[in-house]
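Enquirer: This is a predicted model, with the sequence first.
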Amino acid sequence: MTATLPPDQADAAATETGRIPRPLRPRLARLAVFLVIAVGFIWGVSGLDVSWDRLRTAPSEAWAILKLMWPPDFATVIERGAIGKVLESVYIAWIGTVIAATLSLPLAFLASNNISPTVVRLPIRQLFNVIRAVPELIVAVVLLGVVPLGAWAGALAIGLHSIGTLGKLSSEEIESAAHGPVEAVEACGGTFISRVRWGVLPQVLPQIASYWLFRFEINVRASAVLGMIGAGGIGSELIAQLRFRNFPEVGAVLIITVAAVVFIDTVSSAIRKRIIAGGSGDPSRLMALVGDLAGSGRSARA
Amino acid sequence: MTDATASGTGERPAKPRPKPLTFLVTIGLVVWTVFTAREVGFRWSTFVTVWTNPLWEKFWPIPWEWVLDRDNVIDPLIETFQIAIVATVIGCGLALPAAFAMSRLTAPNSPTYWVSRIVMSIVRAVPDLFWAKLLVTAIGIGAFAGAWALSIFSFAVMVKLFSETVDGADPGPLEAARAAGSRHVPAVRTGVLPTVLPSYVAYALYVFELNIRASIVLGLVGAGGIGRIVEAQRTFFNFDRILGILVIVFVVVFVIEQISVALRRRLV
């Protein structure tokens, strides 16, 4: 190896030896996947009554609405209590998450293969699946029939729906817990309850608590949406303003919602990061949390 | 070993006390929860009174002949799938280049990185049904607006998930391609794309699941699909029909999810 070949000679060498033909089977598989996606896409578009005309005009119509929203009219919506409604959405999400966390934790233990027998486990698993498959809006539609309209119905709907995901994630966490501590408690003569309380719970609680927080972030969005069908919160304000085509007010509602969601996401993900990393017990911990909140702890993620 | 002798003498080690910070946080959380519970009107009595509501009688029996009628449920459900498929293909297709622009590893330059990051977090912060409602207002009621809304939302979610994978990709092949004199796009195409493609497909399947769930409720704001029927029946308190729709939706969503999970497990 005295010198590298100039590019054109290297190319010539490659063509002389002949390129290695690509293997056939992966290529056929790739072609099949593309065909399936293309056929599915065309079938899908065929059902959406899309005309070339609509495709062409839709972006400009959407853009026109967006322009109408600027400048946003904060004064009117704040006077109508938009801030209180955003807060109400946050409260609904919090209470929903608390309900779901309280109910899902014991259920998750009953759904884990290292804790409970198959007879108990399988029905609870299926229960989680059933709950997860029903969107919270549909839960809310049903609940609004039997519970008075308002924030409490929304919180119940969110709480019921979140049991499914939280239960599933928590039980997966419990199943992956190390068996050693459980055996240790058993060797000391611990009962079933103390095996769960001292053997398993301390191992899994940080991760499960971070799932709770994550769910809370999702639920803030969900509760904003629930307002649209009459379950309290900022969604009702959006609907009210859209009904009268008050676009500057709509813009303001959107900006307030986005600000609240982004704020909660940022705070909550910083806290989650601290929970998972664990406290080292040194006094700079609080400062590190503050640093995370301010966004300066970005390197800590890697 | 000193511990062993200590416990031998019957002296138990002192139980560690909770730290002041833990104490404060716990009290704070309890106070906050009680406060929010009051604000939303939490009532224990609901759990009792809800069962005595006469409306429960409207939930049963499920009118199967109505539910299984093609026009009532099956056709709107097909429309739901069409919305979800179109939205997934458009959203995930556009997300592929966008995610590369938004990852620190593959962003062509730092303004692109920051602008795309900020725009994406704003798009994601608007809930999916808000998008649907806005687009229904802008371009009219129907599945077309729904497909638009879900495309935007799944684009934003996909970009977020996938750009994080690209962040974690091995920079070696990319550096090799650059060292060999490749321009930016071919370097990304040959250096990074092959290593992240399996997780791209897995995320796309996941986004498809999300879209199926979301497209079920789109109709509640007038954006097409099965939710349109739910909304129509809800105004007449036909809860038995809604329950029937729910059973069908559950079965279909469950089957799709099982297939998707099996596929994803093979990929990653």
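Expert: The structure has been received and is ready for your questions. Quick caveat: nothing in here was measured; it's all calculated off a predicted structure. Numbering: from 1, shown residues only, chains lettered A, B, ... in the order given.

Enquirer: tell me the phi and psi of A:Cys188?
Expert: Note on A:Cys188: its backbone torsions stand at phi -80, psi 0 [degrees, to the nearest 10].

Enquirer: just checking, what packs against whichever strand or helix holds B:Ala156?
Expert: Assigned by DSSP states H and E, B:Ala156 belongs to helix B:143-167. On a contact count with 3 or more CB pairs under 8 Å, 6 or more residues apart in numbering or on different chains; DSSP states H and E, helix B:143-167 meets helix A:52-68, helix B:75-102, helix B:110-125, helix B:128-139, helix B:193-218. C-beta coordinates here come from the backbone N, C-alpha and C atoms, glycine included.

Enquirer: Tell me who's in contact with B:Ala125.
Expert: A:257-258, A:261-262, A:265 (CB atoms under 8 Å, 6 or more residues apart in numbering or on different chains).

Enquirer: pLDDT score assigned to it?
Expert: With respect to pLDDT, B:Ala125 has a value of 88.

Enquirer: same check, this time on the one 3 residues further on
Expert: Here the pLDDT value assigned to B:Asp128 is 86.

Enquirer: In contact with the residue found closest to it once you drop the neighbours it is linked to in the chain, which residues?
Expert: The shortest distance from B:Asp128 to any residue other than its chain neighbours is 4.4 Å, reached at B:Phe153 (CB to CB, 6 or more residues apart in numbering or on different chains). Applying CB under 8 Å, 6+ apart, we find B:Phe153 in contact with B:87, B:91, B:123-124, B:128, B:131, B:214.

Enquirer: can I get those residues in JSON lines with neighbour count and distance to B:Leu220?
Expert: Compiled in JSON lines, the contacts of B:Phe153 are given as follows (neighbours: other CB atoms under 10 Å in any protein chain shown; distance: CB to CB, whole Å):
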{"residue": "B:Ala87", "neighbour count": "29", "distance to B:Leu220": "17"}
{"residue": "B:Gly91", "neighbour count": "25", "distance to B:Leu220": "21"}
{"residue": "B:Val123", "neighbour count": "17", "distance to B:Leu220": "21"}
{"residue": "B:Arg124", "neighbour count": "21", "distance to B:Leu220": "21"}
{"residue": "B:Asp128", "neighbour count": "26", "distance to B:Leu220": "12"}
{"residue": "B:Trp131", "neighbour count": "24", "distance to B:Leu220": "13"}
{"residue": "B:Ala214", "neighbour count": "29", "distance to B:Leu220": "11"}
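
Enquirer: quick one on the thing from earlier: want to throw the helices and strands packed on helix B:143-167 into CSV with distance to A:Ala100?
Expert: Formatted as CSV, the helices and strands packed on helix B:143-167 follow (distance: least, CB to CB, whole Å):
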stretch, distance to A:Ala100
helix A:52-68, 36
helix B:75-102, 26
helix B:110-125, 22
helix B:128-139, 20
helix B:193-218, 17
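
Enquirer: export the helix or strand harbouring A:Ile78 as PDB, just CAs?
Expert: Using DSSP H and E, A:Ile78 sits within helix A:74-79. This file holds the C-alpha atoms of helix A:74-79, laid out as PDB (Å, rounded to 0.1, in the frame of the first residue of the first chain):
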ATOM      1  CA  PHE A  74     -55.600  37.500  24.300                       C
ATOM      2  CA  ALA A  75     -57.600  40.200  26.100                       C
ATOM      3  CA  THR A  76     -61.000  38.800  25.200                       C
ATOM      4  CA  VAL A  77     -60.300  35.200  26.000                       C
ATOM      5  CA  ILE A  78     -58.500  36.000  29.200                       C
ATOM      6  CA  GLU A  79     -61.500  38.100  30.200                       C
END
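
Enquirer: what mean pLDDT does the longest helix belonging to chain A have?
Expert: Longest helix in chain A, counting residues (DSSP state H): helix A:247-277. Mean pLDDT, computed over helix A:247-277, is 89.

Enquirer: Next: stretch B:188-205.
Expert: 89.

Enquirer: circling back: can you sort out which of the contacts of B:Ala125 also neighbour chain B?
Expert: A:257-258, A:261-262, A:265 (CB under 8 Å from any CB of the partner chain).

Enquirer: Now A:Val134: phi and psi?
Expert: phi -100, psi 110.

Enquirer: Which parts of the stretch 101-250 of chain A are helices?
Expert: Here the stretch 101-250 of chain A has its helices, by DSSP state H, counting those that start in this stretch, at A:118-133, A:136-146, A:151-175, A:180-187, A:192-194, A:201-226, A:234-243, A:247-277.

Enquirer: by contact count, what packs against the first one?
Expert: Judged by 3+ CB pairs under 8 Å, 6+ apart, helix A:118-133 is in contact with helix A:82-110, helix A:151-175, helix B:239-267.

Enquirer: Could you verify my assumption that B:Leu246 touches A:Pro135?
Expert: No. B:Leu246 lies out of contact with A:Pro135 (CB atoms under 8 Å); the separation is 9.9 Å.

Enquirer: Near the residue nearest to B:Ala143 when sequence neighbours are not counted, how many other residues are there?
Expert: In space, and not counting its chain neighbours, B:Ala143 is closest to B:Gly224: 3.1 Å by CB to CB, 6+ apart. Neighbours of B:Gly224 under the rule other CB atoms under 10 Å in any protein chain shown: 28.

Enquirer: Just say helix, strand or coil for B:Gly224.
Expert: coil (DSSP: H, G, I helix; E, B strand; the rest coil).

Enquirer: and what of A:Trp70?
Expert: On the basis of three-state DSSP, A:Trp70 is classed as coil.

Enquirer: quick one: contacts for it?
Expert: A:248, A:251.

Enquirer: Show the backbone phi and psi for it.
Expert: phi -110, psi 130.

Enquirer: How confident was the prediction at it?
Expert: Value listed for A:Trp70 in the pLDDT field: 83.

Enquirer: try B:Thr112
Expert: 83.

Enquirer: Get me the contact residues on the stretch 51-200 of chain A for chain B.
Expert: A:54, A:57-58, A:61-62, A:64-65, A:87-88, A:90-92, A:94-95, A:98, A:129-130, A:133-135, A:137-138, A:141-142, A:145-147, A:150-152, A:154-156.

Enquirer: what do you get if the cut-off is 6 Å, keeping everything else the same?
Expert: A:58, A:61-62, A:65, A:91-92, A:94-95, A:98, A:133, A:135, A:137, A:141, A:145-147, A:151-152, A:155 (CB under 6 Å from any CB of the partner chain).

Enquirer: measure A:Ala100 to chain B for me?
Expert: Distance of A:Ala100 to chain B, computed by CB to the nearest CB, to the nearest Å: 13 Å.

Enquirer: Tell me who's in contact with that residue.
Expert: A:Ala100 makes contact with A:159, A:162-163, A:166 under the criterion CB atoms under 6 Å, 6 or more residues apart in numbering or on different chains.

Enquirer: which among those residues gets closest to chain B?
Expert: Nearest to chain B, judged by CB to the nearest CB, of those is A:Gly159 at 10.4 Å.

Enquirer: ok, back up a step: could you identify the buried members of the contacts of B:Ala125?
Expert: Applying 16 or more other CB atoms under 10 Å in any protein chain shown to the contacts of B:Ala125, the neighbour count classes A:257-258, A:261, A:265 as buried.

Enquirer: check contacts around the closest residue in space to B:Glu39 that isn't next to it in sequence.
Expert: With sequence-adjacent residues excluded and distances taken as CB to CB, 6+ apart, B:Glu39 is closest to A:Tyr91, at 4.6 Å. Counting by CB under 6 Å, 6+ apart, A:Tyr91 touches B:36, B:39-40.
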